[in-house]
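**Student:** Mind folding the following:
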Amino acid sequence: MASESQSPTPPEEDGWIVVPFAKEVYSINAVLKAAYRFTHRAYVKVELNNGQIEAHLRPKTTEESGVTLTRELFNEALDQQLRETLARETQSVRDLILGHALSETNLLDAELTDVDSGADPLGIGRPALSFRDPNSSQHSAPTP
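**Tutor:** Next comes the predicted model:
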């Protein structure tokens, strides 16, 4: 993140806006993903410089404000970092759900393992409605 002493206008280097990110707060992948989201609005490069992650932006049009790009890049980097953190924290739950969905046995309730998957104890597979055939005086069930 930008330090308190950093000026509100990002430093420029030959027309490139340098946006520093602390490695203690942001991963390189989060910064790369965030920077990629700006490639339609700016030329982007990401570098490691003296142990710090730096995103370099150069607006593609004169209408783009360097300050706006910088602020939006920080927001996007925060979003990407939180996505990474949530993915890491919920990995075991997602693995369990995926394993359960793909397994042929019930991982959570062993009693349900012996249930016949073709059984229809509630009659859900039977048609619930009948219709009246306009050519007949009798009701008939729809044919599958």
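**Student:** So which elements touch whatever helix or strand residue 80 lives in?
**Tutor:** Secondary structure from DSSP states H and E places residue 80 in helix 66-89. Secondary-structure packing of helix 66-89 (3 or more CB pairs under 8 Å, 6 or more residues apart in numbering; DSSP states H and E): strand 16-21, helix 28-36, strand 52-59. Yep, even glycine has a C-beta here, placed from its N, CA and C like the rest.
**Student:** And those: which comes nearest residue 91?
**Tutor:** helix 28-36 (15.2 Å; CB to CB).
**Student:** Now do the helix or strand just after that closest one: which elements does it pack against?
**Tutor:** Using DSSP H and E, the helix or strand that follows helix 28-36 in sequence is strand 42-49. Here strand 42-49 touches helix 28-36, strand 52-59, going by 3+ CB pairs under 8 Å, 6+ apart.
**Student:** which residues touch strand 42-49?
**Tutor:** 16, 28, 31-32, 35-36, 38, 53-60, 64, 69 (CB atoms under 8 Å, 6 or more residues apart in numbering).
**Student:** Could I get the CA-only coordinates of it as CSV?
**Tutor:** Output of strand 42-49 as CSV, limited to C-alpha atoms (Å, rounded to 0.1, in the frame of the first residue of the first chain):
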residue,chain,number,x,y,z
ALA,A,42,-3.3,1.7,-19.9
TYR,A,43,0.0,0.1,-20.8
VAL,A,44,1.0,-2.0,-17.8
LYS,A,45,4.1,-3.6,-16.5
VAL,A,46,4.7,-5.2,-13.1
GLU,A,47,8.2,-5.5,-11.6
LEU,A,48,9.9,-6.4,-8.4
ASN,A,49,12.2,-3.5,-7.3
